[in-house]
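Asker: Provided below for reference: sequence and predicted model.
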Amino acid sequence: MKDFYWMHKPMMAADSGLEGGAGSGDGQDPKPKDQEGTDPKPDPPADPKPNEPVSQVEELPKTKEELEKYLQRESDKRVSGALKTAQEKWAKEYEQKLETEKKEAERLAKMTAAEKEKAIFEKQKGDLAKKEQEIALKEMKFEAVKILSDKKLPVSFVDMLATNDADKTKENIDNFEKAFKAALSQAVDERIKASSTAPKTGSTVDLSKELETLRAKASRTGKMEDRVAYAKMKQKIEQAKINEK
């Protein structure tokens with residue numbers, strides 16, 4: 001019995017080796033595994049392309065409350081943007097001011113006492129002249145507003161017309177008045193032409209009613225365009241009466 005066991009032991013070892021290699025012809029596992037013995041992880045999803053459309057978009061407001069909140073958010077964004085721009089502008093101006101003062105201090109440091117005194121005097125003189133020009137311009141704007149109001153002209157053009165010089169400001173206002181009246185007269189002519197037909201016999205009665213309406217409006221508002229419209233209609237009625245004769 002003992003001899004039989006030792007005779008078959010090598011064969012059993014060979015059979016054991018065959019069983020361990022079964023399953024693949026080359027002795028390799030058909031499915032590769034990582035170092036821990038698990039299946040490899042799948043590849044991560046590819047990044048979206050630059051022009052690939054976004055799958056999710058912000059939902060539009062569906063209720064009044066949502067709309068108000070949305071508008072408030074947009075308003076806050078604009079205010080924040082404007083504030084940021086203003087702060088950046090102030091910071092830049094402040095830095096420029098500091099740089100100018102630094103350069104001025106360095107320039108003065110290289111001067112003698114007499115040169116430094118003269119430079120300071122010239123700077124103060126220039127600052128004073130600039131301040132006087134600013135004050136003069138404000139005063140001329142105030143006077144220009146009064147003149148434009150008296151002439152029934154729009155005061156919104158005061159910044160374009162007012163200068164430091166009184167004569168130049170008056171000249172600008174006079175030229176503006178001529179151009180404004182010419183443009184206004186043309187506009188009134190086109191409005192009257194579009195709103196009424198050519199005068200015929202017996203039509204002066206209707207025109208007289210329209211004239212009275214224009215007169216009342218011009219008296220009530222005092223606006224130049226209403227007064228020009230009244231004058232144009234009055235001239236038109238007089239021409240109609242001449243044509244009827």
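Answerer: Received, thanks.
Asker: which intervals of this protein have sub-threshold pLDDT?
Answerer: Within the chain, the segments meeting pLDDT under 70 span 1-61, 191-206, 224, 239-240, 242-245.
Asker: Which residue ranges make up the domains of it?
Answerer: 65-110, 196-245 (automatic domain parsing).
Asker: out of those domains, deepest packed?
Answerer: domain 196-245 (a mean of 14; mean count of other C-beta atoms under 10 Å). For the C-beta atoms, the positions are set from N, CA and C on the backbone; glycine is no exception.
Asker: can you put the domains of the chain in CSV and add distance to Lys168?
Answerer: Below are these laid out as CSV (distance: least, C-beta to C-beta, whole Å):
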stretch, distance to Lys168
domain 65-110, 30
domain 196-245, 24
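Asker: Quick one: closest of those to Ala166.
Answerer: Shortest distance between Ala166 and the domains of the chain, using C-beta to C-beta, is found for domain 196-245: 23.9 Å.
Asker: if we can go back for a sec, out of the domains of the chain, which gets nearest to Glu132?
Answerer: Among the domains of the chain, the nearest to Glu132 by C-beta to C-beta is domain 65-110 (21.4 Å).
Asker: and stretch 121-131, C-alpha only, in CSV?
Answerer: Extracted in CSV, the C-alpha atoms of stretch 121-131 (Å, rounded to 0.1, in the frame of the first residue of the first chain):
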residue,chain,number,x,y,z
PHE,A,121,4.3,130.7,-6.5
GLU,A,122,3.7,129.7,-10.2
LYS,A,123,1.8,126.6,-9.2
GLN,A,124,-0.4,128.5,-6.8
LYS,A,125,-1.0,131.1,-9.5
GLY,A,126,-2.1,128.4,-12.0
ASP,A,127,-4.4,126.8,-9.5
LEU,A,128,-6.0,130.1,-8.7
ALA,A,129,-6.5,130.9,-12.4
LYS,A,130,-8.1,127.5,-13.0
LYS,A,131,-10.4,128.0,-10.0
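Asker: Understood, closing this out.
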